[in-house]
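Peer 1: sequence first, predicted model second:
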Amino acid sequence: MIVAEAKNLTEIGKTIAPYGRILVLGCGTCVTVCGAGGEREVALLHDALRLMDMKAGNGKHVFLECTLKRQCDPEFLDVLEEKAANVDAVLSLGCGIGVQAVAERLPDLPVLPGVNTSFLGMAKEWGVWDERCAACGDCRLDETAGICPITRCTKGILNGPCAGTKNGRCEVSKEMDCAWVLIYQRLENMRQLETMRRYYPPRNFRAIPRPKRVLSKINAAGGGHE
Amino acid sequence: MSVSLFDEKLNSDAFLITTEIGPPKGTDTSEILHDIDMLKDKVDAINVTDHQSSVMRYPSIGGCLLVKERGGEPVLQMTCRDRNRLALQAELLFAYSRGVCNVLCLTGDSVDVGDHKEAKPVFDLDSVQLLRMARLLEGGTDMGGNELKGVPKFCLGSTVHPEADFVEPQLVKFDKKVAAGSQFFQTQGVFDPATLRRFMQYASQFNVKILAGIIVMASARMAKYMNDNVPGIIVPQAVIDELATAEKGKGLQKGIEIAARFIRSVKEENLAHGVHVMAVGNERIVPDILEAAEVSGIHA
Ligand code: SF4
Ligand code: SF4
């Protein structure tokens, strides 16, 4: 899932300053799960913004709120026609993709980001989210024991650990595991150390075509993988 | 045929001595020139560091050219931290064209440990891929598969960490570096002769030269600081305790003594093919260490 963090109130206050009627728009998927932009956060932010307005003594904004099932899917954006009919701006608490999807649907309205989209990750434990994938487009987890060196090694190197690892930790932080120590240990447990002895060639960073596009094969004959 | 004086010595039985210097933060080269003049006739080669610890400085290739101008033998340290594959290849071509043929291929420290923490870390290649790329250039093509007009030739080295607390994954990487064409290795700082001996038993299956890394400590405090803050370094308690016995103001003297003793045992007990002395900011004491160890570089 996509993990995001709420922007701070002062920053949001500045971005919405020029506008009067603002729709605070949540998203019911990833940002709901990571507690950055779901229905609950929309309500909390709504209250906080109203309070901020009151303290400033101008009460110049009017806030409306609404949470879509998914901002990144056109099928759920139709309600915007009505919800955003009389507003001056939309403050989206969706991830960066949600913000852009909403902006594409509302060609005449400013759509402002209310969260910082951080990474693709997983819930490690309650309230803790860890990055796990950089969407490199060429997954090699089969060769690295299901542990991604591109994401979990600070340098994203492919041929084994650097010399900076100590006590199983990464050279940049005593709290962070060295991805290559984890990979080695897991491969050893699985008796697959030979995989690590193989040379990993440089990555393909080709940026074109960018933005990338994936076409569904579900409706094609046979569907799925070829 | 040897590509450099250092390459020639690697193929001999000589006990090799290398050291390293860091270029200036700024354009004032007087200090580095002083260090080069002081060291060039006492060691077999001088590494010039490449923004060591991710601290921005005058470039490594610039320092190597200064070493050359003064009649010394440079080793170009090259990390993958700041340049993508185009820039790395270009710099290797330039280095060769100016007679800098000894290259130490490194991954590089994380940007996060340095003085430009918000910079974009590149790491387009890693140290193993860098070694392979240099060998590819020697074959007359670049990484894009295009033919080169004029082909370089290098003496390539890399690093290894025999005293890593978990050495097995480091050895896997060492094997890969050997396979990628590394001819010599300058180890990370080593302090324990037994560990070095074990590593050499392992390394002796390969036709490569190992230079034991000697880090000179100026005080017990510095040793502890390095343990806590320098990537990978593990100074054993016995060394820290010995440093602590030094009288006030005599810490560096004690550090020199310890380093010299270690160098002597490396040589006498054949623990490595040579040493690489890292004085971390105290380059001026390198001649004292070599004198105390009764060794010298520059073998006819
Ligand atoms: S290799 Fe890592 S970054 Fe690439 S797709 Fe797989 S998990 Fe994601
Ligand atoms: S210590 Fe491990 S995780 Fe950190 S940069 Fe080095 S190899 Fe990568």
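Peer 2: Sure, I can see it. These numbers come from a predicted model, not from an experiment. Ligands and ions are numbered 1, 2, ... in the order given.
Peer 1: stretch B:172-187 near chain A anywhere?
Peer 2: Yes - counting by Cβ under 8 Å from any Cβ of the partner chain, chain A has neighbours in stretch B:172-187: B:172-173, B:175-176, B:179-180. From N, CA and C alone the C-beta is placed, and that goes for glycine too.
Peer 1: what's the span of that stretch, first residue to last?
Peer 2: One end of stretch B:172-187 to the other measures 15 Å (Cα to Cα, to the nearest Å).
Peer 1: circling back: any quick ChimeraX command for the buried ones out of the residues of stretch B:172-187 next to chain A?
Peer 2: A single ChimeraX command selects the buried members of those (16 or more other Cβ atoms under 10 Å in any protein chain shown):
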select /B:172,173,175,176,180
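Peer 1: ok, so of the residues of stretch B:172-187 next to chain A, who is nearest residue B:225?
Peer 2: Set against residue B:225, the nearest of the residues of stretch B:172-187 next to chain A by Cβ to Cβ is residue B:173 (26.7 Å).
Peer 1: dihedrals phi and psi, the closest one?
Peer 2: Residue B:173 adopts backbone torsions of phi -70, psi -40, taken as degrees, to the nearest 10.
Peer 1: per the annotation, how does chain A divide into domains?
Peer 2: As given by automatic domain parsing, the domain ranges for chain A are A:2-119, A:136-220.
Peer 1: could you list the residues in contact with stretch A:61-80?
Peer 2: Applying Cβ atoms under 8 Å, 6 or more residues apart in numbering or on different chains, the external contacts of stretch A:61-80 come out as A:16, A:19-29, A:32, A:38-39, A:42-43, A:46, A:49-50, A:53, A:83, A:87, A:92, A:94-95, A:97-99, A:101-102, A:105-106.
Peer 1: ends of that stretch, how far apart?
Peer 2: 20 Å.
Peer 1: quick check: buried residues in that stretch?
Peer 2: Result for stretch A:61-80 [16+ other Cβ under 10 Å]: buried residues A:61, A:63, A:65-68, A:70-72, A:76-77, A:80.
Peer 1: do stretch B:62-71 as well
Peer 2: Under the neighbour-count criterion of 16+ other Cβ under 10 Å, stretch B:62-71 has B:63-67 buried.
Peer 1: enumerate the residues of chain A near chain B.
Peer 2: A:154-168, A:170-172, A:180-181, A:184, A:193, A:196-197, A:199-203, A:205.
Peer 1: what's the closest non-adjacent residue to the closest residue to ligand 1 within the stretch 201-300 of chain B?
Peer 2: Closest residue of the stretch 201-300 of chain B to ligand 1, Cβ to the nearest ligand atom: residue B:231 (23.4 Å). Nearest residue to residue B:231, sequence neighbours excluded (Cβ to Cβ, 6 or more residues apart in numbering or on different chains): residue A:164, at 3.1 Å.
Peer 1: who are the contact partners of that neighbour?
Peer 2: Residue A:164 sits next to A:170-172, B:109-110, B:231-232 when contact means Cβ under 8 Å, 6+ apart.
Peer 1: would JSON lines of the buried residues of stretch B:62-71 with distance to residue B:14 and pLDDT be doable?
Peer 2: Formatted as JSON lines, these follow (distance: Cβ to Cβ, whole Å; pLDDT from 0 to 100):
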{"residue": "B:63", "distance to residue B:14": "25", "pLDDT": "98"}
{"residue": "B:64", "distance to residue B:14": "22", "pLDDT": "98"}
{"residue": "B:65", "distance to residue B:14": "26", "pLDDT": "98"}
{"residue": "B:66", "distance to residue B:14": "25", "pLDDT": "98"}
{"residue": "B:67", "distance to residue B:14": "20", "pLDDT": "98"}
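Peer 1: what comes into contact with whichever strand or helix holds residue B:172?
Peer 2: For residue B:172, the host element (DSSP states H and E) is helix B:167-180. Under the contact criterion Cβ under 8 Å, 6+ apart, helix B:167-180 has outside partners A:159-161, A:163, A:165, A:180-181, A:184, A:193, A:196-197, A:199, B:105, B:127-129, B:131-132, B:135, B:158, B:160-162, B:164, B:185, B:199, B:202-203, B:206, B:208.
Peer 1: report the secondary structure state of the closest residue to chain A within the stretch 201-300 of chain B.
Peer 2: Here the residue of the stretch 201-300 of chain B nearest chain A is residue B:231; by Cβ to the nearest Cβ that distance is 3.1 Å. Secondary structure state of residue B:231, per DSSP: H, G, I helix; E, B strand; the rest coil, is coil.
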